[in-house]
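Chemist: pasting the sequence and the predicted coordinates here, then a few questions.
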Amino acid sequence: MISQVFILTTSGDHLIYKDFRGEAGVDAIRTFYEAVTALSGDQPPVVMVGLGVQSHKGMHFVHVKQGGLYWAASTKSNPSPFTVIEFLNRLAALTKDYCGSLSEKSVRMNFALIYELLDEMVDYGYIQTTSTDMLKNFIQTETMSSKPFSLFELGNVGLFGAETQQSKVAPSAATSRPLMFTRGDQGGNEIFVDVIERLSVIIGSNGVVMKADIEGEIRVKCYLPGCSEMRIGLNEELSIGKSQLRGYGMAVRMDECSFHQAVKLDEFDAYRILKICPSQGEQTVMQYQLCDDLPCAPPFRLFPTVERDIGNRLLIYLKLRCDLSPKSVALNVSVTLPIPKGSVSLSQELSSPDQSAELQSKNKALQWDIPRFPGGAQLSALFKLEVPGLSSASLQEVGPVSLCFELPKHTCTGLQVRFLRLTPTQPGSSQRWVRYVTHSDSYTIRI
Amino acid sequence: MPYFGSEETVKELKRALSNPNIQSDRLRYRNYIFRVIRSMTQGLDVSALFMEMVKASATVDIVQKKLVYLYMCTYASLKPDLVLLAINTLRKDCADPNPMVRGLALRNMCNLRMPGITEYIQQPIMTGLRDKAPYVRRVAVLGCAKMQRLQTLTEIDATIVNELYGMLRDPDPVVMVNCLRALEEILQAEGGVVINKPIAHHLLNRLKDLDSWAQSEVLTFLLRYRPRSEDELFDILSLLDGFLQSGHTPVLAATLRLFLQLAAEHPAVQVDALVRARGPLLNACGAQSRELRFAGLCHVQKILKSQPGQYGAHYKRFFCSYSEPSYIKFRKIEILVELVNDENVGLVLEELRGYCTDVSLELAQAAIAAIGRIGRMYSEKCLDILTGLLGLKQEHITSAVVQTFRDLTWHCPQSTVLVCRAVEGCEETIQDAEGKQALLWLLGVHGGKINSAPYVLEGYINGLKSEMSSAVKVELLTAAVQLFLVRPAEMQDMLGRLLQYCIETRRVIQGPESDPSMGVIIGRPEEPVSNWVSTFNTLTPLCGRVTSPEPTTSGCTNHTTQNVVADPLAGTSEETEVYTPEDKQGVIGMSLGPTLLHEDFERLWLELKLSLRENLGFPGPRSSPETLQAALQLVKMQTLAFSRADTLPWKAYIYTHCSGTLVLAELLQPTAEPESDGMVLSIKQKPEDRQVLQEFVAVLKTVLQTLIKGTS
């Protein structure tokens, strides 16, 4: 059971503090904060303190870090860590649903609402309910939004693509809108289905793919006030497990998948249709994994050359190729390359002015940023490093390269949403958006 | 938190809240209440406003009501007399036609933690238990628990307990789970809520209606139930089967724990459950939430202790990703070491090699130590990598590699030749004390095989004045003496200088160069599942050591007996943590705690004189070593290490704490024919106490003889 729940900023300000059981005082927060910030870097989620302080004897603090805030719970019993961590994640997710975004500012502005949420979610340290359907009946406070919402904020257009009957594009900011806004007459009739994949790849120095895992999920964010049932049709030739094969030619494969407990699967086996009655807010409908068997080539290839120049100069020539189809594009590509410890200065030759490169002396790495990288293209860069006392052993310190990127309108498994039907048909114009994105969880290329 | 101008703020708020103009303007009034709560959260003492806030509670505005209740619950214990003013409003709200208002009032009334409140809340709770709205019943049920806590001294009210047991049949699932929770707290002194057969089956049947939070909690309550028959057991297991694949990690973990506990007598079922839960657990290890990832990894680590082979094929899931925080990376490295096998060793080592040049020094050192641990089984490949790392000529890497070399030669004497070749020329890059100690140890013990050894020592002796660490100095002295015995001509002169320098004498004990027989400890026995299942899905696996997979070997620094190399078998020493001092006392007051680490055991064993050596006259038990371990634990003797069952000579190391003395024992089965010769028992004791020793031997003999009878 949970004794207290609190939300802290990284500088230790209290944003929310609720005591459920009266087992420890407010000063527990300080004890926690000192324990978490005593060492540099992020700390593991469970901290035990209280050998010194009598009143906090045997107290455990479990925390998660989200939106730059500490979401922490204290307990005197020995509960399941999974439960407490998932609860805190859920609290953060609900806060995001209700407040629109997750930041110090939004939590500060909506503290009354968060207290109200906590009051309904937990009683005497026991989790009562966390579903939006139940909670919406009890939450009375109106959301305070820091800025008026506008659907078409032009700054973000193009981040996601939409493939519904409308040819409009839903900006990614569209989902960062508080749920409670739907009370008013604007908006309130949209549903977003996002297919999000996280890619983790290791490519060996000989170009062989050593590891390629995809973790994907289908996330539904629903603003519709009442929706009886939604049918999500996936690729019919979707096969699950190593042995199963369906359809001809390019089948979409996944090793394992699991569903939200509210999903009805009676049409899944035959037609690959998920049926769900989405509750307001965000929920993960399906999660799936694919290990070690990418259906397509990995999105990026790197051809590096590392040479010693005269004197103490190191020449690094990187040629990066994007193997996506020419229609796709990779955004915010960032290449990080560890370099010898003693490197003092960097000069670079990049192929276009929108790219940038810098030497991060703290991490002894160089970072090359490419804001936009079209599919099929090949970019190259030449870096000259000044390394005093360069030896042949220093060359071993170069690499491995890690890449961060985002691939909008692209799934590596090839999973597609064929259709999205709401029954009964919503009165008025309900807008349905389907969006695809692939993120790099960890994309490493060895040199 | 320092908060300036607090008095001014309180005064201003007080003025505003009692201003009739503001009171009549709903929005402005509510805004001031917001400000009070905000100040309260920030740590400002606003209890002076209690009177004004009580007045504000009489309102139809639910948001305002909730905030005022929050305020009252916080300060109730400070202003008990003023709370009574609010009670009336609250009791009136408990009879409101709106169930939300009823529930809210009842919940907050029960949350007012102040003496004497019970007489006011008892009646509303009893009414609440029979309310037609489930929302109110949920609140009322937990209210019973709150009430019980407020009046700890009075006896448990049997009517409430019966009422709650009856309400386990409530149609609302949350009410049902709350009943369990409330009963657990009310009956805490009697061992908590009783789960008998009808209740257990009722709970099992309703599992499907519950939400995932309630499911995982009910599954935890079911741990208490023992099925009467095998048939019932397997019925329950098949009911739970589906939950093993749950996508919701708390449910999965709770189910797995229940499975493992219920099937304690069926190891095959346990293994099967672990296999089936593997997929979902692996997903938890790759979850988007880092914290969940960490929790998953810690639990996988526990499983690996019993089933090292289970995750071998999935080793790639435990490769570190670039952006992960270091606490996750350390766990992953530990796991990689545990699951290494013939098929994956090449790729795992290649991955670990990549971490050795990481920007974080701790991570790099942890990775090097991990390679060293794998090297005890696959020494050749690991030595190649480690030798290659020396070429980088980086201080922290070289130091970590040399320390790893030291441990390797200790455990695998066959690696000595390669190590001796590799360490030449390292001395220039090593700067820290631990690295120097390791190098000096290697030079001392294996100096005969390292050509440059005397010159390196000479360098250290010449620079002795600037050496700060006394541990390094003592190690240097030991090494110089050792090398002198091997290569006197080269060493004589400098040893003289060294001895002259440290004219204050220090005790130097000649230790063994390596101990392959202790190497059997490396083949760590598979731990029975029951050792950790009681802590599965609790916070315990997430606590413990988190800094690095292997504590840097520091055994040498504190003791004058410098020759003993610390044995960094952190993994094995952990298994002794399971036994807490709460365990019942043994027959002659033997106890397990405090835990003795391997390095300490080894040090003491070498230090102490033999107290007793006896041929027991009967052969070792032919039961598995695990049985022996379990049997000895019953009489509070801790088995530190033992050889595999079929190896000869067979050895086991045992210790116990007994009437203020520490007893260390070694069992040795020397020859291949168990019939011909008995086991030899050697005992060392600190401090000596003959009587205790006799008793110890008697108990040990009884245990062994019982085991022999049991197996023959």
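Modeler: Everything's here; your move.
Chemist: residue 295: which element?
Modeler: I'll assume chain A. Under DSSP states H and E, no helix or strand contains residue A:295.
Chemist: was after chain B, sorry
Modeler: Using DSSP H and E, residue B:295 maps to helix B:290-306.
Chemist: anything in that helix near chain A?
Modeler: Yes. Helix B:290-306 comes into contact with chain A (C-beta under 8 Å from any C-beta of the partner chain), by way of B:290, B:291, B:292, B:294, B:295, B:298. The C-beta positions use only the backbone N, C-alpha and C, and glycine is treated the same way.
Chemist: among those, which one lies nearest to chain A?
Modeler: Closest approach between these and chain A, by C-beta to the nearest C-beta: residue B:291, at 3.8 Å.
Chemist: check which element follows the helix holding residue B:295 along the chain.
Modeler: Toward the C-terminus, helix B:290-306 is succeeded by helix B:326-339 as the next helix or strand (DSSP H and E).
Chemist: in the stretch 301-450 of chain B, which residue sits closest to chain A?
Modeler: Using C-beta to the nearest C-beta, residue B:321 is the residue of the stretch 301-450 of chain B that sits closest to chain A, at 3.0 Å.
Chemist: so what's that residue up against?
Modeler: A:200, A:441, A:442, A:444 (C-beta atoms under 8 Å, 6 or more residues apart in numbering or on different chains).
Chemist: output the lowest mean pLDDT helix or strand found in chain A.
Modeler: When the helices and strands of chain A are compared on mean pLDDT, DSSP states H and E, strand A:46-49 comes out lowest with a mean of 72.
Chemist: can you name every helix or strand that it contacts?
Modeler: Applying 3 or more C-beta pairs under 8 Å, 6 or more residues apart in numbering or on different chains; DSSP states H and E, one finds that strand A:46-49 contacts helix A:27-37, strand A:59-66.
Chemist: check what contacts that strand and list those residues.
Modeler: A:31-32, A:35-36, A:56, A:58-63, A:81, B:539, B:542-543.
Chemist: just the buried residues of those residues.
Modeler: Neighbour-count burial (16 or more other C-beta atoms under 10 Å in any protein chain shown) applied to those gives A:31-32, A:35-36, A:56, A:59-63, A:81, B:539, B:542-543.
Chemist: with distance to residue A:108 and pLDDT added, can I get the residues you listed in CSV?
Modeler: Shown next, in CSV, are these (distance: C-beta to C-beta, whole Å; pLDDT from 0 to 100):
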residue, distance to residue A:108, pLDDT
A:31, 23, 85
A:32, 20, 88
A:35, 24, 84
A:36, 20, 86
A:56, 27, 63
A:59, 27, 83
A:60, 27, 87
A:61, 22, 90
A:62, 23, 92
A:63, 19, 92
A:81, 29, 92
B:539, 30, 81
B:542, 30, 81
B:543, 32, 74
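Chemist: include distance to residue B:687 when you put these into TSV, please.
Modeler: Output for these, formatted as TSV (distance: C-beta to C-beta, whole Å):
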residue	distance to residue B:687
A:31	41
A:32	44
A:35	40
A:36	44
A:56	39
A:59	39
A:60	39
A:61	42
A:62	45
A:63	47
A:81	43
B:539	39
B:542	39
B:543	34
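Chemist: now, which of the residues you listed sits nearest residue A:106?
Modeler: Nearest to residue A:106 out of those is residue A:63 (C-beta to C-beta; 19.1 Å).
Chemist: low-confidence regions, the stretch 51-200 of chain A specifically.
Modeler: Counting by pLDDT under 70, the stretch 51-200 of chain A shows low-confidence ranges at A:51-57, A:145-188.
Chemist: what's the burial count for residue B:176?
Modeler: For residue B:176, the neighbour count with other C-beta atoms under 10 Å in any protein chain shown is 23.
Chemist: near chain A, which residues of the stretch 51-200 of chain B show up?
Modeler: Checking the stretch 51-200 of chain B against chain A by C-beta under 8 Å from any C-beta, the hits are B:62-63, B:66-67, B:70, B:74, B:100, B:107, B:111, B:113, B:138-139, B:142, B:145-146, B:174, B:177-178, B:181.
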